[in-house]
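S.K.: mind folding the following:
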Amino acid sequence: MLRTVIVAACLGLLAGCGDPGNDGGTTSATSENGPLAQVGALYRDHWELKKKAPTGYRDFAPYAEIMPEGFNALRTGDIVAVWGVKLEDLSPEATGDSADEVLAYQKETPESGGYVLMKNRTIRQMTADQFKAAPKAPGTIEDASNTAKKK
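M.R.: As a prediction, this is how the structure comes out:
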């Protein structure tokens, strides 16, 4: 049952990602940003099942087999997440959450640009300058070495 809920949520998230030509830079889930889509689904599912925000990638360990790309990208530091963020809208569309606040990003994004997961769980491609200017969701950012700094 749990796997069915998580898989359905992940598929709903992937179906909700738009075409880059239609929504100002939001992209569909591709192999390049698929791990970010999985991180968004993991974050949402954790909120839905635990009724609280995840505090680190280890909170997603029970789902590692279901969404391995997202889990492993967080574990290795290829994706950096903002932990402890309250999601307001747990629906697959997530229209009640901010489309402007960063929830997770590829590790190279701050220096050279890349894909970014927004709080509403859409994915955008940003330049390094766009990323630096983008507001981060309030929480804790954990880098690959597991050191945290408050934002």
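S.K.: show me what the helix or strand hosting A41 is packed up against.
M.R.: Assigned by DSSP states H and E, A41 belongs to helix 34-50. Counting contacts by 3 or more Cβ pairs under 8 Å, 6 or more residues apart in numbering; DSSP states H and E, helix 34-50 is packed against helix 2-16, helix 68-76, strand 79-83, strand 102-106, strand 114-118, strand 123-126. Backbone N, C-alpha and C define where each C-beta goes, glycine included.
S.K.: 6 Å - rerun?
M.R.: helix 2-16, helix 68-76, strand 114-118 (3 or more Cβ pairs under 6 Å, 6 or more residues apart in numbering; DSSP states H and E).
S.K.: which of the ones you listed comes out lowest on mean pLDDT?
M.R.: Among the helices and strands packed on helix 34-50, helix 2-16 carries the lowest mean pLDDT, a mean of 43.
S.K.: how near is L42 to A53?
M.R.: L42 sits 12 Å away from A53 when distances are taken as Cβ to Cβ, to the nearest Å.
S.K.: between the two, point out the one with more neighbours.
M.R.: In this view L42 and A53 are compared by other Cβ atoms under 10 Å, and L42 has more residues nearby, 28 against 18.
S.K.: which one is V116 nearest to, not counting chain neighbours?
M.R.: Distances taken as Cβ to Cβ, 6 or more residues apart in numbering place Y105 nearest to V116, at 4.5 Å, with adjacent residues excluded.
S.K.: and the residue nearest the centre of the chain, how far is that from D129?
M.R.: Residue closest to the mean C-alpha point of the chain, counted by Cα atoms, centre = their mean, is G40 at 3.6 Å. Distance of G40 to D129, computed by Cβ to Cβ: 24 Å.
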